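J.: Fold the following for me, if possible:
(2 chains, ligands or ions: 2)
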Amino acid sequence: MNPFDYLQADNASNAVKLASAAAAGKYLGGGTNLVDLMRETVERPDTLVDVTDLSRRIEARPDGSVMIGAAVKNTALAADRTVRRNFPLLSRAILAGASGQIRNMATVGGNILQRTRCTYFYDEASRCNKRDPGRGCDAIDGFNRYHAILGASPSCVATHPSDMCVALAALDAIVHLEGPEGVRMLKLVDLHRLPGGRPDIETELRPHELITDVELPALSFAARSTYRKVRDRASYAFALVSVAAALDLGDDGNVKDVRVALGGVAHKPWRALKMEAALRGRAATEVNFRAAAEGELSDAAGLRDNAFNRTRQADDRCRPR
Amino acid sequence: MQFDTPATTNPIDNLKVVGQPIPRIDGQLKTTGRAMYAYEWHDPKVPYAYGYPVGAAIAKGRIKSMDVSAAKKAPGVLAVVTALEVGKLKKGKYNTANLFGGQEIQHYHQAIAVVVAETFEQARAAAALINVDYAEDKGSFDLKVAMETAVKPETGEPDSAVGDFDGAFKAAPVVLDQSYTTPDQSHSMMEPHASIAVWDGDKLTLWTSSQMIDWWRSDLATTLDIDKEKIHLMSPFIGGGFGGKLFLRADALLAAFGAKAAKRPVKVALPRPFVVNNTTHRPATIQRIRIGAERDGKITAIAHESWSGDLPGGGPETAVMQTRLLYGGENRMTAMRLATLDLPEGNAMRAPGEAPGLMALEIAIDEIAEKVGIDPIQFRIVNDTQVDPEKPERRFSHRDLVGCLKLGAARFGWTGRGRPGSKREGDWLIGTGVAAAFRNNLVLPSGARVRLDSEGVVTVETDMTDIGTGSYTIIAQTAAEMMGVTIDKVGVHLGDSRFPVSAGSGGQFGANSATSGVYAACVKLREGIAQKLGFNSEDVVFENGTVRFGNRSIALAEAAGPDGLVGEDTMKWGDLTKTHQQSTFGAHFVEVGVDAATGETRIRRMLAVCAAGRILNPVTARSQVIGAMTMGAGAALSEELAIDTRRGFFVNHDLAGYEVPVHADIPHQEVIFMDETDPMSSPMKAKGVGELGLCGVAAAIANAIYNATGVRVRHYPITLDKLIGGLPDIA
Ligand SMILES: Cc1cc2nc3c(=O)[nH]c(=O)nc-3n(C[C@H](O)[C@H](O)[C@H](O)COP(=O)(O)OP(=O)(O)OC[C@H]3O[C@@H](n4cnc5c(N)ncnc54)[C@H](O)[C@@H]3O)c2cc1C
Ligand code: SF4
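T.: Ligands and ions are numbered 1, 2, ... in the order given. Got it, this is the predicted structure:
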């Protein structure tokens, strides 16, 4: 960890100003990921702007949408009554992640921008295109049990580790941003990038853009939703694969509408649009769910340690229970 | 005192304090944070400096040059000590790899420098500025490849054979021939290795986290090339070791060199990734087991071969040892072969040998029982033996495996167990499994000093360690029983090289050996008291804080007199362990659920029944066993050091990547101890239990998974990818 300045911001504009003024400024949420990366010298900011005093509001609006401040703690969001009632997949996704202590520290903004858990990325002695562009990727032919089967590139096969973001992707969440050039909005599914030739560029954010809020658009059938995370131990493990799904069933037993997103399979939370299209209007049966999942995974490519992900994916777990 | 004839009635048999469920006497210190672990010793008047280690970034080769100029100039830096400056050091008796010093790199993250600074953060930041130029050699990192060139180890007893295995195996009507693998595992103790070194002239004081005070002290003296007497080593509290702190480690050396260079007391803790790649681990094994049986289940032929690897000069993982003793059968052979691997040093981890050996053997027994067509418990009962099957003239001192299996079966509800894949609850496939537990009982010489003061307080001093096991408590119980006082009248001081040398903690020899040492010292003290009072020591009774002879009774405080009295002795062992086979036994029962869609295994209940001689304290012993069962769950389901076979290191080198069980993984655990004593083992009539609890657990889980799913996995850990292809269709 190299020496750095620590500043606190009490509002968004001030935060942006402080971060932009530094040579290598970064925002600090709960620090549960950033500080680890600084210890390993993967991140070397010269200034940290603490943004945990920005909005911690969770506002349920009359139209059914919800505005969530970027500084809301993961624990608080998971425990929120509106979220639990109307968007259970989000609450369950958050609770499936990390540990109680980490969720108490972690913020919504920081969770979205947490970086991959690829072990080579954390290890200075390894080759990693994400850390040192052009140096190579030790994971592709190395230990890659937790790596991507969708949308990966010959440069990088890392996954985005967030559980919360998988639910946000399914919900079409909108991320509100403020940067030196003003405010704007991005859909969460458009915020993270696939690795391509530049795995070091992970998001569409512009320099010093700050996440101020996350908006959940109203989605009536999200009340019928869940999150299922598959992992090697019962808690405190990253997903081998996870699914966030919401289902709107017609009286005829057919799928009126459906939202599905997958975690642990790609460089970004993976919205399963192919699968959704295949299911809309079809009978909600095991066979159809499986066929739709297999369609979504038709392009999946396994590596040495994660090829099993393909064979039996999280397909059948998409049905909410 | 020499223990060379079986114990007869002695004061321990009163069981007023020994054998009672007394909560650990150091519990409050620990729960309130007042128990000082190595790194935490902090005297505000002492100007501690902080050392941060640098590890080699290659697995094999040598250092060509090191550039430390930037690190030396970094803020707060007091000293940088490199392996090149220090030069090649003598190696301690118990170390395989060099810990520090010289050009040669023998494994990844071998210590090559320590940076000492005013603060921990400054030391860490400066350490990242060191540039090293290596000449890298090609190493051997893959056991599957290296086993081709494995050799018979030169020491120990790698091979054994009785009768005609090949002939009997060929003739057997039912046979099994299977291979099993166990992965490299990490001790993953909570407290990483840590030391504080303080020099006073040529005298060194070291606070550290060590299971074996005297081994560390000797090896530290050898490595530093100083007189052992000049070293004072303290390790009163240890946050777990599991074998990872048996032998001198780099933190002690780096603290000593750092403190010398900085002329300040220096603290060094190994960062978590160093615990994995800088220290030792349990080596992976490849095992082949062949069993031939009669139609009634009687084993006629049994063979167990094991391959493991280590650095040059290391030893094999002794995974076949229990197979020499656990089941009968006239024709038998075992063999161990050792390959050269340039991974970090392989060495002892809780129940070395038996733990990975039983992971394989107890699946094999389940498999052959199924082939024969009898219940696996019945199969084990049929093949029980009361003598060492390789040397039938040696009887077991006391062996109640059958009792454990029978009692466990009744308690667990074993009858009515279904065929593989036949029981289902919703999405869960349910199954049960059983395995035998077996671990040898070892004894080591152990000394203690016991003082009685004018207040009637008894104080025990021994360099015995408490690695979380409860040593403080059982030692206090032993002294209280022997001196006829209540436990609150006993003080215990451990883990200090100024105290008599004890057995230390390891190999489940600690409890029985160390309390026997205390017993011996108490006998001396009792004699001293009797002599002082002019009593015949044979007939003296110590009870209720008094010493009684005939109808004379004197308070201990008074007997001690103003100067107090001291007894000191070392328990030494005769040849009872040679004339008799001393072992501990048990049975593990497990119920699992396996998710029919994803193959995730979740344990639903666990039961262990242990036969391990007298249980000195049922609550601390139970904690040992449930901890061991938890470790067994990790071994079965998730623990594996993932090797990068190109660069030769363990990739998942932290507790996020190396998955030990969490609370949510561990269900209801029940432990039953058989009510027994073993007079051959010691005057305590106790044996070890801390490792027994681990032995067989993983196989019981593997067998339960098979019973749940019909999928037989022989390669640990049993992760969902190994099940998923074979699961029945989701209904
Ligand atoms: C052992 C361990 C296990 C874990 N397991 C899981 C798991 O199972 N599932 C899971 O989903 N997560 C898991 N996590 C990750 C955890 O969820 C993240 O570390 C946490 O959500 C990050 O939030 P934070 O507020 O601490 O972010 P920080 O560490 O403070 O920041 C992370 C990044 O976000 C940036 N940032 C923070 N706030 C803003 C903002 N408002 N605008 C712009 N940029 C911002 C920072 O600059 C930094 O780059 C685990 C973490 C650990 C250490
Ligand atoms: S997968 Fe990506 S993060 Fe991991 S080593 Fe390769 S480039 Fe780096």
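
J.: Please name the nearest non-neighbouring residue to residue A:89.
T.: Nearest non-adjacent residue to residue A:89, counting by C-beta to C-beta, 6 or more residues apart in numbering or on different chains: residue A:225, 3.8 Å away. For the C-beta atoms, the positions are set from N, CA and C on the backbone; glycine is no exception.

J.: my guess is that neighbour contacts residue A:246, does it?
T.: Yes. Shown here, residue A:225 and residue A:246 form a contact pair, counting by C-beta atoms under 8 Å, at 3.5 Å.

J.: per-residue confidence at the residue lying farthest from the centre of chain A?
T.: Among the C-alpha atoms of chain A, the one farthest from their average position, using C-alpha atoms, centre = their mean, is that of residue A:252, at 34.3 Å. If you check residue A:252, the pLDDT there is 94.

J.: List the buried residues of stretch B:638-658.
T.: Neighbour counts over stretch B:638-658 (16 or more other C-beta atoms under 10 Å in any protein chain shown) mark B:638-645, B:647-654, B:656-658 as buried.

J.: For residue A:280, see how far away the residue farthest from the centre of chain A is.
T.: Distance from residue A:252 to residue A:280, counting by C-beta to C-beta, to the nearest Å: 13 Å.

J.: burial measure for the residue nearest to residue B:89 when sequence neighbours are not counted, as a count.
T.: When the adjacent residues along the chain are set aside, residue B:89 lies closest to residue B:101, with 3.8 Å between them (C-beta to C-beta, 6+ apart). Neighbouring residues of residue B:101 were enumerated by other C-beta atoms under 10 Å in any protein chain shown; the total is 23.

J.: if I look at residue B:101, how far off is ligand 1?
T.: Residue B:101 sits 35 Å away from ligand 1, taking C-beta to the nearest ligand atom, to the nearest Å as the criterion.

J.: which residues touch that residue?
T.: Shown here is residue B:101, whose contacts under the criterion C-beta atoms under 8 Å, 6 or more residues apart in numbering or on different chains are B:83, B:86, B:87, B:88, B:89.

J.: Just to be sure, which of those are found in helices?
T.: Within the contacts of residue B:101, membership in helices is found for B:83, B:86, as judged by DSSP state H.

J.: Next up, the contacts around the residue in the stretch 1-150 of chain A positioned nearest to ligand 1.
T.: Nearest residue of the stretch 1-150 of chain A to ligand 1 (C-beta to the nearest ligand atom) works out as residue A:110 at 2.0 Å. Contact criterion C-beta under 8 Å, 6+ apart gives A:29, A:30, A:31, A:32, A:33, A:34 as the residues in contact with residue A:110.

J.: Quick one: name the residues of the stretch 51-200 of chain A near chain B.
T.: With C-beta under 8 Å from any C-beta of the partner chain as the criterion, the stretch 51-200 of chain A meets chain B at residues A:117, A:119, A:120, A:123, A:124, A:125, A:126, A:138, A:141, A:142, A:143, A:145.

J.: What's the first helix or strand after the helix ranked longest in chain B?
T.: If each helix of chain B is counted by residues according to DSSP H, the longest one is helix B:510-533. For helix B:510-533, the following helix or strand on the C-terminal side (DSSP states H and E) is strand B:541-543.

J.: what mean pLDDT does that following strand have?
T.: Strand B:541-543 shows a mean pLDDT of 96.

J.: buried sites along it?
T.: Under the neighbour-count criterion of 16+ other C-beta under 10 Å, strand B:541-543 has residue B:542 buried.

J.: Point out the other helices and strands that that strand packs with.
T.: The contact analysis (3 or more C-beta pairs under 8 Å, 6 or more residues apart in numbering or on different chains; DSSP states H and E) places strand B:541-543 against strand B:546-549.

J.: Restrict the strand it packs on to CA atoms and write it as PDB.
T.: The C-alpha atoms that make up strand B:546-549 are tabulated as PDB, following Å, rounded to 0.1, in the frame of the first residue of the first chain:
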ATOM      1  CA  THR B 546      -4.900 -31.100  53.700                       C
ATOM      2  CA  VAL B 547      -2.400 -33.900  53.900                       C
ATOM      3  CA  ARG B 548      -3.500 -36.700  56.200                       C
ATOM      4  CA  PHE B 549      -1.500 -39.500  57.700                       C
END
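
J.: quick check: mean pLDDT across that strand?
T.: Mean predicted lDDT for strand B:546-549 stands at 96.

J.: residue of chain B with the smallest distance to ligand 1?
T.: Taking C-beta to the nearest ligand atom as the measure, the point where chain B comes nearest ligand 1 is residue B:656, at 4.1 Å.

J.: Per-residue pLDDT of that residue, please?
T.: 92.

J.: Contact residues of chain A facing ligand 2?
T.: Along chain A, the residues adjacent to ligand 2 under the rule C-beta under 6 Å from any ligand atom are A:116, A:118, A:120-121, A:128-130, A:137-139, A:156-158, A:199.

J.: try 5 Å this time
T.: A:118, A:120, A:121, A:128, A:129, A:130, A:137, A:139, A:156, A:157, A:158 (C-beta under 5 Å from any ligand atom).

J.: Put the buried members of these into a ChimeraX selection.
T.: The ChimeraX command for the buried members of these (criterion: 16+ other C-beta under 10 Å) is given here:
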select /A:118,120,121,128,129,130,137,139,156,157,158
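
J.: Spit out the contact partners of residue 127.
T.: Went with chain A since none was named. A:120, A:135, A:136, A:137, A:138.

J.: that's the other chain; I wanted chain B
T.: B:52, B:53, B:54, B:71, B:113, B:115.

J.: Repeat the analysis, applying 6 Å as the threshold.
T.: In this structure, residue B:127 makes contact with B:52, B:54, B:115, judged by C-beta atoms under 6 Å, 6 or more residues apart in numbering or on different chains.

J.: contacting residues around stretch B:505-520?
T.: Residues lying outside stretch B:505-520 but in contact with it, judged by C-beta under 6 Å, 6+ apart, are B:1, B:211, B:246, B:442-444, B:446-448, B:460, B:464-465, B:467, B:474-475, B:478-479, B:502-503, B:569, B:571, B:682-684, B:686-688, B:690-691.

J.: Name the residues of the stretch 1-150 of chain A found near ligand 1, please.
T.: Within the stretch 1-150 of chain A, the positions adjacent to ligand 1 are A:26-27, A:29-34, A:51, A:70, A:97-98, A:106-107, A:109-111, A:113-114 by C-beta under 5 Å from any ligand atom.

J.: Helices - which of these land there?
T.: A:34, A:109, A:110, A:111.

J.: Among those, which one lies nearest to ligand 2?
T.: residue A:34 (16.4 Å).

J.: returning to that earlier point: need the ones in helices among the residues of the stretch 1-150 of chain A next to ligand 1 in CSV with pLDDT, can you?
T.: As requested, these are arranged in CSV below (pLDDT from 0 to 100):
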residue, pLDDT
A:34, 98
A:109, 98
A:110, 98
A:111, 98
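
J.: Any stretches of the stretch 201-321 of chain A with poor pLDDT?
T.: Per-residue confidence of the stretch 201-321 of chain A (counting by pLDDT under 70) places the weak regions at A:309-321.

J.: Helices of the stretch 301-450 of chain B, start to end?
T.: Remark: helices assigned in the stretch 301-450 of chain B by DSSP state H, counting those that start in this stretch are B:354-372, B:376-382, B:401-412.
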